[in-house]
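Predicted coordinates and the sequence they were generated for:
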Amino acid sequence: MTELPVVAGVDGSEGGFRALDWAAGEAARRGLPLRIVHASVWEHYEGVRSGPAEDRPSEQVLAESLVTTARDRARSLAASVKVTTGIRPDEPVTALMEESADAALLVLGSREHGPLTGRFPGSVGLSVAARAGCPVVVVSGREAETGARPGRVVLGVGDTAASGVTARFAFREARSRGCELVAVRAWRGPHHLAVPRPPSGGDRLRTYQRQADEYVDAALSAAGGDAGEVTVRREVVRGTAHRTLLEAAAPADLLVVGARRAHGDFGPQLGQVDHAMLRDAPCPVAIVPERE
């Protein structure tokens, strides 16, 4: 059976090349092929032309140069990985969505907006992560700058029966890296109990904490055989999911969360926590489709 590839979307930006570097390393760790894809709308209207460069549209020459540069870069980083390329005659979201149907993983770059405004994953990244049929990893520029990390995959535990899908993905990532898995779950009590010393309701607070523990137990148990020999650490923290996950992800190789999707006027959209992680997390973020 043909192995599904790791697909890297490239657009010529520095963020796209950082994502390519991450994808090449991921393909090497997993022993999977790497497919490099560039979406080029001009091809849809003009078609591909052969012949000397001066006789071809400049957009075609630039697209071909881009994927050739990306291919050579990937091969220099992961010589053992089989690399293929493709120029798709579509808008980026359409092209990447179609690629995700036959991919083990889809890897995209994020957009940097400077130290004051933070990072924004871009409309392509958000749209694809909300709809893709395979896990999507969005790689931030800061991850590439830090180089070696201490070795940690963080799993944000959700509250659906499908969270086991996300847990299995996280375990596989931790095992391929030979690092620990940190399963994180935030919990909050009722607003009127969220004071340093609530006058009553201690039992209720313990109930909320116990429920959070049970969610972690369920997710880790659902991983089954994928758990392997991975070292697991649990963090059940009172607080918001946003702050808790960001603090856990600060020293991480990868943050893994399930795709909590909402349906808006323009189709499926990511939930608030997923959106915030793509915007604020200091490490690559994997969004895993969850199906019951």
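That came through fine.

Quick check: residue 3 is in a helix.
No. Under DSSP: H, G, I helix; E, B strand; the rest coil, residue 3 sits outside any helix and is assigned coil.

Grab the nearest non-local neighbour of residue 86.
residue 37 (5.0 Å; Cβ to Cβ, 6 or more residues apart in numbering). Bear in mind the C-beta positions are built from the backbone N, C-alpha and C, glycine included.

Below-threshold pLDDT in this protein: ranges please.
1, 41-57, 111-122, 141-150, 160-162, 189-202, 225-227, 260-269, 291-292 (pLDDT under 70).

domain ranges for it?
1-147, 149-292 (automatic domain parsing).

Now find how far off-centre the host helix or strand of residue 8 is within its chain.
Here residue 8 sits within strand 6-9, counting by DSSP states H and E. Relative to its chain's centre, strand 6-9 lies at 12 Å (Cα atoms, centre = their mean, to the nearest Å).

List the contacts of it.
Residues from elsewhere that reach strand 6-9 (Cβ atoms under 8 Å, 6 or more residues apart in numbering): 16, 19-20, 23-24, 26-27, 30, 32-39, 70, 74, 92, 95-96, 99-100, 103-109, 124.

Among these, name the ones in strands.
34-39, 105-109 (DSSP state E).

Out of these, flag the one nearest to residue 215.
Proximity of these to residue 215 (Cβ to Cβ) peaks at residue 105, which lies at 25.3 Å.

Which of the contacts of strand 6-9 are buried? Put it as a ChimeraX command.
To isolate the buried ones among those in ChimeraX, judged by 16 or more other Cβ atoms under 10 Å, type:
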select :16,19,20,23,24,26,27,30,32,33,34,35,36,37,38,39,70,74,92,95,96,99,100,103,104,105,106,107,108,109,124
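
that older thread, direction included, what does the strand holding residue 8 pair against?
Strand 6-9 has the following sheet partners, assigned by DSSP bridges: strand 34-39 (parallel), strand 105-109 (parallel).

Out of those, which gets nearest to residue 82?
strand 34-39 (7.1 Å).

Burial check on the residue nearest to residue 238 when sequence neighbours are not counted, number of neighbours?
Excluding the flanking residues, the one nearest residue 238 by Cβ to Cβ, 6+ apart is residue 187, at 5.9 Å. Here the number of neighbours of residue 187 (other Cβ atoms under 10 Å) works out to 20.

Show the backbone phi and psi for residue 187.
phi -140, psi 150 (degrees, to the nearest 10).

so it touches residue 207, yeah?
No. Residue 187 is beyond contact range of residue 207, at 9.9 Å (criterion: Cβ atoms under 8 Å).

which residues in the stretch 151-292 of the chain form helices?
163-177, 202-222, 241-249, 272-280 (DSSP state H, counting those that start in this stretch).
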